[in-house]
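1. show me the folded form of this:
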Amino acid sequence: MASKAFPIFFFTLIVLISLIPHVALANSNDEKSSPFDFLKHLKGCHKGDKLKGIHELKTYLEHFGYLNYKNQSQANNDDFDDLLESALKTYQLNYHLKVTGSLDSQTVSKMMMPRCGVPDIVNGTTRMTSGKKNQRHSSTSFHTVSHYTFFRGSPKWPASKYSLTYGFLPRTPSRAMDPVARAFQTWAANTHFRFARVQDYTTADIKIGFHRGNHGDGNSFDGRGGILAHAFAPQDGRFHYDADDMGSGCNPRIIED
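-> Sure, this is the predicted structure:
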């Protein structure tokens, strides 16, 4: 149970942190486009096409575990080949989309949603929990892909450790901390886990930080939109959020569990 709880809880934090109103980590007037906007121009492409930007689609699918070209020249070209078609079919299957192997409008819409940076497939094994989906609607305009994946080997906290501490990287604005505290309260009310904030970030079980771009863990953030966050398995406990996404004042509109 504990191994499943960690990624689900991580998603709870993503949702609640996305409620942060104009956090002083990003300029809310910055209207940068999403790093996934390239997909708009590829809508409708299919096997056999050669179109500028297809290499970016390959990079996207490779990042999330759907593609692994042995020949780097294939990964870098703009040819819609057999491997790309197969990768798209797997993506569509994972997200309960119509399996066409082409970049249809539904697939583009799903792929453009801001999402967690954890790959859907690792070493050929998918751990997506895409079987059940519920939707909640509000009047806002922010969408997220809220699926999560389990860490390889299902690492977990020790069986006796259900009281966890959490801490924030120094200089984290207080307005970013409150939604995190609410997430911990919600999770504690519905599980046997208990959480307490500590001032010393270095000693916390769960270490929370807001970062931009390349922040030293090998998983660079991509600016506003795109990848929202990523986490490291127990007992590492690092939670990293893209600071550029936290200052947009956006709220989730559709949440799919």
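
2. how about stretch 98-110: buried residues?
-> Within stretch 98-110, the residues that count as buried by 16 or more other Cβ atoms under 10 Å are 101, 102, 103, 104, 107, 108, 110. Yep, even glycine has a C-beta here, placed from its N, CA and C like the rest.

3. residues contacting that stretch, please?
-> Stretch 98-110 is contacted from outside by 39-40, 42-47, 57, 85-86, 88-89, 91-93, 95, 97, 145, using Cβ atoms under 8 Å, 6 or more residues apart in numbering.

4. make it 6 Å
-> With contact meaning Cβ atoms under 6 Å, 6 or more residues apart in numbering, stretch 98-110 is reached by 39, 42, 43, 45, 46, 85, 88, 89, 92, 93, 95, 97.

5. about what we covered before: hmm, which two among the buried residues of stretch 98-110 are most spread apart?
-> The largest distance within the buried residues of stretch 98-110, taken as Cβ to Cβ, falls between 101 and 110 and amounts to 14.7 Å.

6. ok, what's across the strand from the nearest residue to residue 232 once chain neighbours are set aside?
-> Counting by Cβ to Cβ, 6 or more residues apart in numbering, residue 238 is the residue found nearest to residue 232 once chain neighbours are left out, at 4.4 Å. Here residue 238 sits in beta bridges with residue 207, going by DSSP bridges.

7. what's the lowest-pLDDT member of the buried residues of stretch 98-110?
-> Taking these together, the minimum pLDDT is found at residue 110 (92).

8. that one: which element?
-> helix 105-111 (DSSP states H and E).
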